[in-house]
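Student: Based on what follows, work out the 3D shape:
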Amino acid sequence: MTILNSDSFEFISHGADQTRRLGMRLGALLTVGNLVCLQGDLGSGKTTFVQGVSAGWGSLDQVSSPTFQLVNEYRRADSTKLFHLDSYRLSSVMEAEELDIDSMLTVGCVLLEWPEMLAELLPVHRLWIKFNYVDESLRELFFIPTGPSYIKQLETFRKQIMGN
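Tutor: Take a look at the predicted model:
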């Protein structure tokens, strides 16, 4: 069970297309320095969501899961980068430190799958999204912002998708 505070919210997605559209809305709001942590089991919708985020952000590249490469880098026409990381296969904190997430945040945005593996290395301010598999078509997403800019960004996002 996920406990939400007043700045957080829950969304139930009714299929992959809706999850992608939700990601597109968030992607359009991302700016350089944003860290979005995507927590959830295999098949919970993380990569589908990232496909939407990438499209909404304006990526020139097609999204694929970074499971075996650890980091996929997507480009935008203005040369800003979107980094898609998967920490599932990292074997140590030292290996995680070598990824240098802080440097990535200076030139783009970072989408991090399996962030719980790196929690101690991550900036305190971030957007954490917890994905839960409900059934074949339903996914439950919990959006939890930490830090004033993420709280404001999530409020804008919530208003866009919920209309209030």
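Student: helix, strand or coil for the residue nearest to V71 when sequence neighbours are not counted?
Tutor: Nearest residue to V71, sequence neighbours excluded (Cβ to Cβ, 6 or more residues apart in numbering): L85, at 5.1 Å. Quick note: C-beta positions are derived from backbone N, CA and C, even for glycine. Following DSSP: H, G, I helix; E, B strand; the rest coil, we place L85 in the strand state.
Student: wait, L85 sits on V110?
Tutor: Yes: using Cβ atoms under 8 Å, L85 makes contact with V110 at a distance of 6.4 Å.
Student: anything in contact with each of those two?
Tutor: Common neighbours of L85 and V110 are listed as I101 (criterion: Cβ atoms under 8 Å, 6 or more residues apart in numbering).
Student: distance of the residue nearest to V71 from F9?
Tutor: Separation of L85 from F9 (Cβ to Cβ, to the nearest Å): 25 Å.
Student: higher neighbour count, those two?
Tutor: Neighbours were counted for L85 and for F9 using other Cβ atoms under 10 Å; L85 has more, 25 against 18.
Student: Pull the contacting residues for the more buried one.
Tutor: So L85 contacts P66, L70, V71, N72, L99, I101, V110, L111, L112, E113 (Cβ under 8 Å, 6+ apart).
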